[in-house]
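In: my questions concern the predicted model and sequence given below.
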Amino acid sequence: MIRLGLCCIFREAPIKFRRTTARYLLSLSSALRLKYLAVINMHNAEALYQSLVFCAANGIGAFRINSQILPVKTHPDAGYDLHELPGGDQIIARFKQSGAFSLKNGIRTSFHPDQFLVLSSPDAGVVKRAVADLEYHAQMAKWVAADVINIHGGGAYGDKPAALKRLAAVIRTLSRDVQSRLTLENDDRVYTPAALLPVCEETGTPLVYDVHHHRCLPDGSGVEQTTQAAISTWSREPLMHLSSPLNGWENGPCRPHHDFIDPADFPECWRDLDITVDVEAKAKELAVLKFRRWMESVDIALLDPRREDRHA
């Protein structure tokens, strides 16, 4: 069965996550800063819980959590530990309630840190900060029961083989909490599935196959062949990404995402697989629900958190 995933935020549902900036935080006194962060983080913990409730009520089996759910958490000057905040233990408890809810209702959660988290950089400082950010994600993942922290390969830095070698070497040094959740995703500019698969196989890191990226940056392997290669890297339910180009495939750059999914972009070879498919579309929950209706209309089996037989 296909488990459809909603990514991070909502288009129309009245669920909002709050953010802030290091510049603003550093303009406050220490006491005011911690109080302000406590309010934002408790708001976001509550918003996450409501997001999962929405998913459960609407038959959406996965939710990608915004990596800025704890804003500026690892900033070198404005960063903080939740235990420092007023009511920090209550904030953590609320996040753990989201984890319990997702497990009870069969909703898979994941993280996808932004492109600035790079493990393949030749700059040791960049890598050190990236590792610290991954540790933050791993801590959050334990609270909310997320099993995926998905990253891209990073840049080529003029020598792609050397960059991939550095990537593999750094992955091997990561903590167990990070390694057990870490995944690599092919991108649409530098690293194809074929480029990343050897690193995945060498380090035991699953490949998140983004079929849209692969269509923008092909490597000579077809979708079905690459799907099977990606699945072989997983020891749990594989995760895939699906999107459609804003301007179609023939009318301009293919990289920007459309508000919705064109059913023609769903690979036929995915129809009978047991996988999670994150819907990367700008209309967010509207896109997921519309695509879900199309899948039902063509008899594609969907995992539904509302059904008692979801684990069958």
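Out: In hand now; what should we look at?

In: show me the shaky parts of the stretch 201-312 of the chain.
Out: For the stretch 201-312 of the chain, applying pLDDT under 70 flags the ranges 308-312.

In: quick one, helices of it?
Out: 211-216, 223-231, 285-297 (DSSP state H, counting those that start in this stretch).

In: could you list the buried residues of the second one?
Out: Neighbour counts over helix 223-231 (16 or more other Cβ atoms under 10 Å) mark 223, 226-227, 229-231 as buried. Bear in mind the C-beta positions are built from the backbone N, C-alpha and C, glycine included.

In: again with stretch 117-133
Out: 117-121, 126-127, 129-131, 133.

In: what bridges to A62?
Out: Beta-bridge pairing for A62 (DSSP bridges): G5, R108.

In: before we move on, the earlier item: of the helices of the stretch 201-312 of the chain, which is nearest S51?
Out: helix 285-297 (9.4 Å; Cβ to Cβ).

In: would you turn the helices of the stretch 201-312 of the chain into CSV with distance to A138?
Out: Converted to CSV, the helices of the stretch 201-312 of the chain look like this (distance: least, Cβ to Cβ, whole Å):
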stretch, distance to A138
helix 211-216, 25
helix 223-231, 23
helix 285-297, 27
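
In: and the buried residues of helix 223-231, which is closest to A78?
Out: A230 (37.8 Å).

In: roughly how far does the closest residue to A281 other than its chain neighbours sit from L34?
Out: Nearest non-adjacent residue to A281, counting by Cβ to Cβ, 6 or more residues apart in numbering: A287, 3.5 Å away. From A287 across to L34, the span is 38 Å (Cβ to Cβ, to the nearest Å).

In: who's more crowded, these two?
Out: A287 (24 against 16; other Cβ atoms under 10 Å).

In: that one and R293 touch, don't they?
Out: No. Contact criterion Cβ atoms under 8 Å: A287 and R293 do not qualify, at 11.0 Å.

In: hang on, the earlier thing: identify the farthest-apart pair in the buried residues of stretch 117-133.
Out: So, the buried residues of stretch 117-133 by Cβ to Cβ: farthest apart are S120 and D133, at 14.5 Å.

In: checking my notes, L134 in a helix, right?
Out: Yes. Secondary structure assignment places L134 in a helix (DSSP: H, G, I helix; E, B strand; the rest coil).

In: show the pLDDT at it.
Out: pLDDT for L134: 97.

In: cool, and D114?
Out: For D114, pLDDT reads 85.

In: same check on the one 4 residues further on?
Out: pLDDT, V118: 95.

In: who are the contact partners of V208?
Out: Taking Cβ atoms under 8 Å, 6 or more residues apart in numbering, we find V208 in contact with 148, 150, 183-186, 230, 239-241.

In: can you select the buried ones from those residues in ChimeraX?
Out: Per 16+ other Cβ under 10 Å, the buried members of those correspond to this ChimeraX selection:
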select :148,150,183,184,185,186,230,239,240,241
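
In: could you list which of the contacts of V208 belong to strands?
Out: 148, 150, 183-185, 239-241 (DSSP state E).

In: can you lay out these as TSV showing distance to R215?
Out: Output for those, formatted as TSV (distance: Cβ to Cβ, whole Å):
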residue	distance to R215
V148	22
N150	19
T183	20
L184	18
E185	14
L239	18
M240	13
H241	12
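
In: what is the most widely separated pair among those?
Out: Longest span within the ones in strands among the contacts of V208, Cβ to Cβ: L184 and M240, 13.2 Å.

In: thanks again, I'm all set now.
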